[in-house]
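Participant: Give me a 3D structure for the following:
(2 chains)
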Amino acid sequence: MGHGGGGALSAELIDQVFAPAYGNPTLAGLADSAVLQLGGARLAFSTDSYVVRPLFFPGGCLGDLAVNGTVNDLAMSGARPAYLSTAFVLEEGVEIAVVDRVARALGAAARAADVTVATGDTKVVESGHGDGVYVTTAGVGLVPDGVDIRPQRARPGDAVLVSGPIGLHGVAVMSVREGLEFGIEIASDTAPLAGLVAAMLAVTKDVHVLRDPTRGGLGASLNEIARASGTGVRITERAVPVPDEVANACGFLGLDPLYVANEGRLVAFVPRGHADAVLAAMRAHPQGAGAALIGECVAEHPGMVTVATGLGGTRVLDLPLGEQLPRIC
Amino acid sequence: MKYIDEFNDPALARRLLDEIRATVTRPWALMEVCGGQTHSIIRHGIDQLLPDEVELIHGPGCPVCVTPLDVIDKALAVAARPDVIFCSFGDMLRVPGTDRDLFRVKGEGGDVRVVYSPLDALELAHRHPEKQVVFFAIGFETTAPANAMAVHQARRLGLDNFSLLVSHVRVPPAIEAIMTAPECRVRGFLAAGHVCSVMGTAEYPELAERFRVPMVVTGFEPLDILEGIRRAVHQLERGEHRVENAYPRAVREDGNPAALRMLEDVFEVVDRNWRGIGPIPASGWRLAEAYRAYDAEHRFDVTGIRTEEPAVCRAGEVLQGLIKPTECEAFGTACTPRTPLGATMVSSEGACAAYYLYRRMEDGIAPLGSRIPRKEMNPVG
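Facilitator: The predicted structure is shown next:
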């Protein structure tokens, strides 16, 4: 299971198995989506499988995750998402009403994100060989001229921005999956981010990096960017927006909110000179109302992320190993 | 986050640090007993902010770290049985046994489940009468009452398919073992607040007097820890050695009487082996005779287990505060969270894990992963 956690073990699996098997220059970028030159157009292309348990959770369900996740992967290249494919893998015995609910949510999320579901596929596996419903989506979108957004472009002097409060999706799913109640309902932040990205690019096309910190959370995303660009990243712990309910739940379970999954947030690296204007544009957009400047890209300690603690100390923020595990006491 | 912010207030922290700096005149080594305190210290960089005279030594209070290898191996053997649902707190899953861990057993088809309370395991026993449900009952005085409660409930509900694999340990005998070791440098203790919230402070005055060490009951937030250090240093500079409660919002002198009654009923004190340290007299609990039917060691045949610790691992010395994690030759090379040799590297409360995760910048140790993952294959999204 650790190999699916979005942390160091996931990276190892890609390095040791998938990258050597498929190796080609297009894949080497290892961004959220591939940017392809096709005729006169630059196309962003991405695929992702969604295996969330339970299928329905506060604030969302498998259907809208499957749209928003892929739409956001495209948006993280600066692309305007256009078309999606969907593939459903159904476990024998799952109720049609459940599939219907997932499909309707998927359709509604596609309309909200302004993308068209252009093609699809359905397979059924024997009972006991699936978890109800799995959905895979792939998507394409157009990258505007002059936009070049990828993790390798982070450079010292960039401001690090996050689009809003972190950790809500992971805690919302945990709260229903594990039967934990935190005294207050926590809803997932799942949302499409292409509109927010367009608003940022309207300020400047010189956005260096965008990343949606899904599995592995903000901590994993910042590490990925630090390593891909060979720069250091320094964030200020107190500047990171962590909602009270997330901090409470994480405190209770012994988890670090910086590693908890998000589905409707992005982290952006923009040149310092544009940071204030981009931040203002983000805050003016509904998906970026809680945007914050959380740190900067630095020349020191290349490839690493460090955190200025609330008390004035410094610590390393590493790539998580795999799944975070709740502690004993 | 009203309370978390309050206990992280930088201005208050500075004031406490200034007072510690103004008070201290000589070197003092203080031991924080609990692994939760160790992680808070390293995670918030508290040790970086203290004056050079105050050295923090990390104690043996990580329940995951001190669970002996033979018990881990017994857990692995029980968990691998096809008739068993094996329930554990999450942080035990990566702890290495002699040749594998609970994750591996789960990967090989064992029904290993992470639970958040022994009562969750009890619920599973209720729902799966066809299975034997075993809860891995490890930990200090903090977790023992809930486990005792689960056994009580199992008996009340007539659930005879529920049992505990018990490896509970007690703090006061460990303090005694540390203070009587010939190499001991500890001059004062930050006693573990959670343990004292159950047990109270009655066991400590005798230890403070006998070993002439201040013992300050301390919480886990940064300001709690700084306040504990401030009080311990004050006492040391004045030549005092008392028990002080710096965690009054959670700890009363008489502890939690209901929990204590439950412990007394369900468990009995025994000698226990501590991983990396060895046997400590009267340092643990096992199920009392009247509840022996709920003891997984009696229910399943897990005798005859032979164990072998990696020769290069110095976790035992780390747990006794004799060396810092970075002084171990294997630290960050042969031993990482990915390839742990000892439990101190894998536990979320382990001192080696804390240094590896938060301090590698200083030590120039390789990062955890080598490259960035492109996609996530995962159960949350």
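
Participant: Show me the contact partners of the helix or strand hosting B:I280.
Facilitator: Taking DSSP states H and E as the definition, B:I280 sits inside strand B:278-287. Strand B:278-287 has contacts (CB atoms under 8 Å, 6 or more residues apart in numbering or on different chains) with B:144, B:151, B:164, B:166-170, B:173-174, B:177, B:263, B:266-274, B:294-295, B:316. No exception for glycine: its C-beta is placed from N, CA and C like everyone else's.

Participant: Of these, just the buried ones, PyMOL syntax please.
Facilitator: Selecting only the buried entries of the contacts of strand B:278-287 in PyMOL, with 16 or more other CB atoms under 10 Å in any protein chain shown as the criterion:
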select buried, chain B and resi 144+151+164+166+167+168+169+170+173+174+177+263+266+267+269+272+273+274+294+295+316
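
Participant: What average pLDDT does the strand holding B:I280 get?
Facilitator: Averaging pLDDT along strand B:278-287 yields 95.

Participant: same thing with stretch A:318-329?
Facilitator: Mean predicted lDDT for stretch A:318-329 stands at 68.

Participant: sorry, back to before: which of the residues in the strand holding B:I280 are buried?
Facilitator: Neighbour count says strand B:278-287 has B:I280, B:S283, B:G284, B:W285, B:R286, B:L287 buried, by 16+ other CB under 10 Å.

Participant: Name the residues linked to the residue nearest to A:T116 when sequence neighbours are not counted by a beta bridge.
Facilitator: Distance criterion CB to CB, 6 or more residues apart in numbering or on different chains; nearest residue to A:T116, sequence neighbours excluded, is A:Y83 at 5.3 Å. Beta-bridge pairing for A:Y83 (DSSP bridges): A:T116, A:V140.

Participant: Go ahead and confirm A:Y83 touches A:G120.
Facilitator: No - judged on CB atoms under 8 Å, A:Y83 makes no contact with A:G120 at a distance of 11.5 Å.

Participant: just the CA coordinates of stretch A:279-298, formatted as CSV?
Facilitator: In CSV, the C-alpha atoms belonging to stretch A:279-298 read as follows (Å, rounded to 0.1, in the frame of the first residue of the first chain):
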residue,chain,number,x,y,z
LEU,A,279,-1.9,36.6,-4.9
ALA,A,280,-4.5,39.4,-5.2
ALA,A,281,-5.9,37.7,-8.4
MET,A,282,-6.1,34.3,-6.5
ARG,A,283,-7.9,35.9,-3.6
ALA,A,284,-10.4,37.5,-6.0
HIS,A,285,-11.3,34.0,-7.4
PRO,A,286,-13.7,31.7,-5.4
GLN,A,287,-11.2,28.9,-5.5
GLY,A,288,-8.4,31.1,-4.1
ALA,A,289,-10.2,33.1,-1.5
GLY,A,290,-7.9,31.7,1.2
ALA,A,291,-4.7,32.0,-0.8
ALA,A,292,-1.5,32.8,1.2
LEU,A,293,2.2,33.4,0.7
ILE,A,294,3.9,30.6,2.6
GLY,A,295,7.6,30.7,1.7
GLU,A,296,10.2,31.2,-1.0
CYS,A,297,12.5,29.3,-3.2
VAL,A,298,16.2,29.6,-2.1
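
Participant: near chain B, anything from that stretch?
Facilitator: No - Stretch A:279-298 stays clear of chain B (CB under 8 Å from any CB of the partner chain), getting no nearer than 12.1 Å.

Participant: Measure how far that stretch is from the centre of its chain, please.
Facilitator: 16 Å (CA atoms, centre = their mean, to the nearest Å).

Participant: what's near enough to touch the residue in the stretch 1-150 of chain B positioned nearest to chain A?
Facilitator: With CB to the nearest CB as the measure, B:G45 is the residue of the stretch 1-150 of chain B nearest to chain A, at 1.4 Å. Contact partners of B:G45, counting by CB under 8 Å, 6+ apart, are A:T309, A:L311, A:G312, A:G313, A:T314, A:R315, B:Y358.

Participant: phi, psi of the nearest residue to it once chain neighbours are set aside?
Facilitator: Nearest in space to B:G45, with sequence neighbours left out and distances taken as CB to CB, 6+ apart, is A:G313 at 1.4 Å. When read as degrees, to the nearest 10, the backbone of A:G313 gives phi -90, psi 180.

Participant: Can you give me the pLDDT of A:G313?
Facilitator: 86.

Participant: Identify the residues contacting it.
Facilitator: B:H44, B:G45, B:I46, B:Q48, B:L49.

Participant: try A:I149
Facilitator: A:M76, A:S77, A:G78, A:V207, A:H208, A:V209, A:L210.

Participant: any chance of these in JSON lines, plus pLDDT, distance to chain B and secondary structure?
Facilitator: Putting the contacts of A:I149 into JSON lines (pLDDT from 0 to 100; distance: CB to the nearest CB, whole Å; DSSP: H, G, I helix; E, B strand; the rest coil) gives the following:
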{"residue": "A:M76", "pLDDT": "96", "distance to chain B": "11", "secondary structure": "coil"}
{"residue": "A:S77", "pLDDT": "95", "distance to chain B": "13", "secondary structure": "coil"}
{"residue": "A:G78", "pLDDT": "96", "distance to chain B": "17", "secondary structure": "coil"}
{"residue": "A:V207", "pLDDT": "97", "distance to chain B": "19", "secondary structure": "coil"}
{"residue": "A:H208", "pLDDT": "98", "distance to chain B": "16", "secondary structure": "coil"}
{"residue": "A:V209", "pLDDT": "97", "distance to chain B": "12", "secondary structure": "strand"}
{"residue": "A:L210", "pLDDT": "97", "distance to chain B": "14", "secondary structure": "strand"}
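
Participant: which of these has the most neighbours?
Facilitator: Of all the contacts of A:I149, A:L210 has the most neighbours under the rule other CB atoms under 10 Å in any protein chain shown, reaching 29 neighbours.

Participant: Tell me the spatial nearest neighbour of that residue, not counting adjacent residues.
Facilitator: In space, A:L210 is closest to A:M76, 4.4 Å off (CB to CB, 6+ apart).

Participant: what's near enough to touch that neighbour?
Facilitator: By CB under 8 Å, 6+ apart, the neighbours of A:M76 are A:A31, A:D32, A:S33, A:I149, A:L193, A:V197, A:L210, A:R211, A:D212, A:L266.

Participant: B:V71 too?
Facilitator: B:I138, B:L165, B:S167.

Participant: one step back: now do the phi/psi pair for the residue nearest to A:L210.
Facilitator: phi -70, psi -10.

Participant: Run through the helices of chain A in chain order.
Facilitator: Taking DSSP state H to define them, one finds helices in chain A at A:8-13, A:19-22, A:62-75, A:96-113, A:168-177, A:194-203, A:217-229, A:244-253, A:272-283.

Participant: With the stretch 51-200 of chain B instead?
Facilitator: Ranges of helices within the stretch 51-200 of chain B are B:63-66, B:69-79, B:102-107, B:118-127, B:144-157, B:171-180, B:193-199, based on DSSP state H, counting those that start in this stretch.

Participant: Format those as TSV; extra columns: mean pLDDT.
Facilitator: Formatted as TSV, the helices of the stretch 51-200 of chain B follow (pLDDT from 0 to 100):
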stretch	mean pLDDT
helix B:63-66	90
helix B:69-79	94
helix B:102-107	93
helix B:118-127	95
helix B:144-157	95
helix B:171-180	94
helix B:193-199	95
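
Participant: just the ones you listed: most buried one?
Facilitator: Mean neighbour count (mean count of other CB atoms under 10 Å in any protein chain shown) peaks for helix B:63-66 among the helices of the stretch 51-200 of chain B, with a mean of 28.

Participant: This completes my enquiry, with thanks.
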